[in-house]
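Visitor: Sequence plus the predicted model coming up.
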Amino acid sequence: MSAVSATLARAVRGVRWYVSSLMGDTAYGNYVAHHRSTHDDQPPLNERDFWKERYRDQDLTPGSRCC
Amino acid sequence: MSDKPTTAPTASKGASSPRSAVLPPTAIPPKDLAPKWTPMKVAVWVAIALLGGVSWTMLAIVRGETVNAMWFVFAAVCTYLIAYRFYSKLIERKLVMPDDTRATPAEYKADGKDYVATDRRVLYGHHFAAIAGAGPLVGPVLAVQMGYLPGTIWIIIGVIFAGAVQDYLVLFFSMRRGGRSLGQMAREELGLIGGTAALIATLAIMVIIVAILALVVVNALGESPWGVFSVAMTIPIALFMGIYLRYIRPGRVTEVSIIGFVLLMAAIIGGGVIAETDWGVAMFSLERTTIAIGIIVYGFIAAVLPVWLLLAPRDYLSTFMKIGTIVMLAAAIVVVRPEITVPAFSEFAGRSDGPIVSGSLFPFLFVTIACGALSGFHALIASGTTPKLVQKERQTRFIGYGGMLMESFVAIMALVAALSIDRGIYFAMNSSAAATGGTIEGAVAFVNGLGLAGVNLTGEMLSTMAANVGEESIVSRTGGAPTLAVGLAQIMQGVFGGAGMMAFWYHFAIMFEALFILTAVDAGTRVARFMLQDTIGNFIPKFKDTGWRTGAWICTAIMVLAWGAILIMGVTDPLGGINTLFPLFGIANQLLAAIALAVCMAIVAKKGLFRWLWIPALPLAFAAVVTITASFLKIFSTVPAVGYWANHTAFKNALDAGEQSFGAAKTPEAIEAVVRNTFVQGTLSIVFVTLAIIVIAAAIGATVRSFQTRGGLSSEDPALPSKIFAPAGFLATPAEKTLEAEWDALPPGRKPTVRGH
């Protein structure tokens, strides 16, 4: 029984991981991890400012969506 | 020959550095890449081949009364698997030659934002969501006119040898060049003239594609209060999501998408209630022209608003809906297994006077179905965001080739959905109002007069279907979207809810197509505006500054007016807009594909791989023959239904002779409109074909020069050693699993971090 529930829990975790990575929830985490490994001297942006900057960048470099 | 795999030098460089000397390898050694054929594996592939063969036999040779939809699914999936395993592998080994010891741009340019090494399965989803839109849902529906077999063969064979090859090669070549765009690669490989022609063609294509997609939405929403209400509600829902993400809970994208999805469902249900009320009907029954003007105004506002407010949230919603709906439709087809009564080749397969797509099977089938088989537009995505996110070089096969196979599968499902509805209803929905008069009686008389075997349309069938899907009428609802929606509703009601739910599923389908298209309209306008700013900037430098508001507004307005004019032309066309304009959409898209393949061919030639040049040259030759033949027919054909100029002359003569009505045009103003529209369409055809010929000629020139010099200097970024490892395909192979475990076993401090700048 516990094997089944463990498999189920793993599946749920997998779906959660996939959906949140695909939709972009993990973007801030990626940025912080990257920041930590490169610019130790300055603190990273907070989440709100990170998204503000990200959308500003998107404004300046639009990507196309297909038909 | 500048591009030999750099395994040996990189490996020795890696070994000499003390830090990486103790790290596990970053690539599977070449000897472990060769597959070991076990009896089990052989048996599996034989079984796949047999099932595929049986399915194709059922579709192509056995002629029963009906054919089950499952055979389409099996034929497609088995063929995709074989092509992926064998053909794409051949391309990988002989032509692409990826090298996992080499860092990708996501590694050597890592910045935590645009260049981020992304898990291959996540990136697959990303890339798929960016390439697949309304295109593969519309073309196959229109091609059903010719029967089921021509479309099925082209979608499946086309993707294997053309579409997926293009996506894979462009993705890989762009990745090797730091994620450079198609335009930049064209300039590098084809020189100034070829590069400029490619740039102008891309801009023109963008305009025509946005216009025709918008026309599909207008046709789906015309005289449909339910549709207008629920699609209009996507705007406040997206605004709410944008504000939520900015001010309430930044970064909670999945959460806000689920909220948005629930609101969207409420909007669909609410639309049904409102369409029952008198005030709702009065308020939301709009003329097509009014809707078109609405979309034009919307397009301008959306493209100048900040991304976070409207575009980004709509994009989240559309990704969410896209993947969800496609999975749902696939499951429903497998559960319901509809029987299909459409013949393999219809009466129109061998003629050129079809009411939906005019012109002969060759070349017009191949331009009617562009997305799903070969879509040039993908080259812009495969040379845009995706190459900057690839973790390891060998993953490009799964993402590029595999991603396009999935889009092809979507096209097959759209085809099945359109095939599952009654043929009489299909022709009544898709024949232009000029043919049916827009009335039930007119449609019945017209469709029964076509002399189609087994078709006996009655007025009751049309009115019952309209009532079931909650629409006033379904006669002449052209553009493909309403037909697909009826097909989807019919399949889905077999799983959930029965006939009572058909109206919901119909409007669900309309809503999700409109969602993709409005996102594409917004994003397309923005991209086109930037291209225009960049071009004007060569003469007036101030325009290059993309932060300059006035310049951005002027260029946005120009682009919106350009596609808006074509949209209005399509909406008011007395000959029935979509039927005359859709070939231009396909030609434009295939033309872009020809440009992308031409660039790929020039790159392959520069690498000196002449033995394998046919891999890009074969689809290039096909796309070139199709677009050029189709364009020439559109320009020179003397049959008015096919040739724009023949039509132009016929209507112009009628106008000069002072006729009060001519053909489908019932008033002198309508005759004038046809004269004007055919002039624009004919001119666009000439522009497109001229640009295509210039680009292809430039590519052939570049290829011949490379042949004379036995290759050329590569424009790739220099090779840098990789410091990470990840498997290549969807599932890790045993060798990859072992290596992955070695990497996972490293203590956290020892794992190299992806470092940029």
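Guide: Good, I have the coordinates. Since the structure is predicted, the reported quantities are computational estimates derived from the model, not experimental observations. Numbers count the residues shown, from 1 in each chain, chains lettered A, B, ... in the order given.
Visitor: Name the residues of chain A found near chain B, please.
Guide: A:18-25, A:27-28, A:30-31, A:33-35, A:37-38, A:47-48, A:50-52, A:54-67 (Cβ under 8 Å from any Cβ of the partner chain). For glycine as for every other residue, the C-beta is placed from the backbone atoms N, C-alpha and C.
Visitor: So among those residues, which ones count as buried?
Guide: With neighbours counted by 16 or more other Cβ atoms under 10 Å in any protein chain shown, the residues of chain A next to chain B contain buried members at A:19-25, A:27-28, A:30-31, A:33-35, A:38, A:47, A:50-52, A:54-55, A:58-59, A:62, A:64-67.
Visitor: can you list the residues that contact the lengthiest helix in chain A?
Guide: Selection of the longest helix in chain A by residue count, based on DSSP state H, yields helix A:2-23. Residues outside helix A:2-23 that contact it (Cβ atoms under 8 Å, 6 or more residues apart in numbering or on different chains): A:26, B:118-119, B:121-122, B:125-126, B:129, B:253-254, B:257, B:316, B:319-320, B:323.
Visitor: now, which of these sits nearest B:Arg187?
Guide: B:His126 (27.1 Å; Cβ to Cβ).
Visitor: Helices along the stretch 101-250 of chain B, start to end?
Guide: Assigned helices in the stretch 101-250 of chain B, in chain order: B:105-108, B:120-131, B:135-143, B:148-158, B:164-176, B:182-221, B:225-243 (criterion: DSSP state H, counting those that start in this stretch).
Visitor: ok so, going back, could I get the buried residue list for the longest helix of chain A?
Guide: Under the neighbour-count criterion of 16+ other Cβ under 10 Å, helix A:2-23 has A:Val19, A:Ser20, A:Ser21, A:Leu22, A:Met23 buried.
Visitor: The helix or strand containing B:Ile595 vs chain A: in contact?
Guide: Using DSSP states H and E, B:Ile595 maps to helix B:578-606. Yes - residues of helix B:578-606 contacting chain A under Cβ under 8 Å from any Cβ: B:Asn589.
Visitor: in chain B, what spans have low per-residue confidence?
Guide: In the predicted model of chain B, residues B:1-21, B:753-757 satisfy pLDDT under 70.
Visitor: what about the closest residue to chain A within it, how many neighbours?
Guide: Chain B approaches chain A most closely through B:Gly112 (3.1 Å), counting by Cβ to the nearest Cβ. The tally of other residues near B:Gly112 (other Cβ atoms under 10 Å in any protein chain shown) stands at 22.
Visitor: can you pull out the strands in the stretch 451-600 of chain B?
Guide: With DSSP state E, counting those that start in this stretch, there are no strands along the stretch 451-600 of chain B.
Visitor: Enumerate the residues of it near chain A.
Guide: Checking the stretch 451-600 of chain B against chain A by Cβ under 8 Å from any Cβ, the hits are B:Phe516, B:Thr519, B:Ala520, B:Ala523, B:Gly524, B:Arg526, B:Val527, B:Arg529, B:Phe530, B:Thr546, B:Gly547, B:Asn589.
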